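>>> any chance you can model this:
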Amino acid sequence: MDAAGRRQKIRETLERADHPISATTLAEQLGVSRQIIVGDVALLRAAGEDISATPRGYLLKQGDAAGLIRTVACRHTAAGMEAELNTMVDQGCTVLDVIVEHPIYGQLTGSLQLHSRYDVQQFIARCREADAAPLSLLTEGIHLHTLSCPDETRYRLVLSSLRELGFLLEE
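Take a look at the predicted model:
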């Protein structure tokens, strides 16, 4: 299979997927190295494909996220990350990303796409395995999350729960 055919196969695979697919999985399916897949995805993005790299793999964005899109400002230590994320998904919201404001690079955004406690558990495990620090450590714990919520009531419940935990950044 030539490079163009491989990139088309990657796009088709991501289009059919209902969950993120890792570069390693794509590499195994297509009989190439993980690095070849990373390069192919970079070229697909450069060609205009809206592919997100999440902690669990690649996703092809398909239309707008369902529900209400809201942003919440939080502040906590790394130890509070799991409780914060579980609070959001427990209300039926999807944590789309995390955003920090870096003094040199400006806004840094990390795609998360966390829908459930299982997703949060997997994300936390990956952080521990990689000995990776959350982006919020760059900003003394201050960060934003973009949420997709089923309705305004669920969003308000997230705010209330985060406030109770002391994680909600308010005026």
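>>> which stretches of this structure have low pLDDT?
62-66, 171 (pLDDT under 70).
>>> contacts only, for the residue positioned nearest the centre of it.
Among the residues of the chain, Leu112 comes closest to the average C-alpha position under Cα atoms, centre = their mean, at 1.2 Å. Counting by Cβ atoms under 8 Å, 6 or more residues apart in numbering, Leu112 touches 54-55, 85, 95-98, 123, 145. All C-beta atoms are positioned from the backbone trio N, CA, C, and that covers glycine.
>>> do the same with Leu59
Residues in contact with Leu59 (Cβ under 8 Å, 6+ apart) are 14, 17, 20-21, 51-52, 111, 113.
>>> Leu169: which of these is nearest?
Ser111 (21.3 Å; Cβ to Cβ).
>>> confirm that closest one sits in a strand?
Yes: judged by DSSP: H, G, I helix; E, B strand; the rest coil, Ser111 forms part of a strand.
>>> count the neighbours of it for me.
Burial of Ser111 is recorded as 19 neighbouring residues (other Cβ atoms under 10 Å).
>>> now swap in Thr153 and tell me
11.
>>> that one is in what secondary structure piece?
Element membership of Thr153, judged by DSSP states H and E, is helix 152-165.
>>> report the buried residues of that helix.
For helix 152-165, a neighbour-count test (16 or more other Cβ atoms under 10 Å) marks 154-155, 157-158, 161-162 as buried.
>>> swap in stretch 48-67?
49, 52-60, 67.
>>> go on, stretch 108-124?
Result for stretch 108-124 [16+ other Cβ under 10 Å]: buried residues 111-115, 119-120, 123.
>>> which residues of the protein fall in helices?
For the chain, the helices defined by DSSP state H cover 3-16, 23-30, 34-46, 81-90, 117-129, 152-165.
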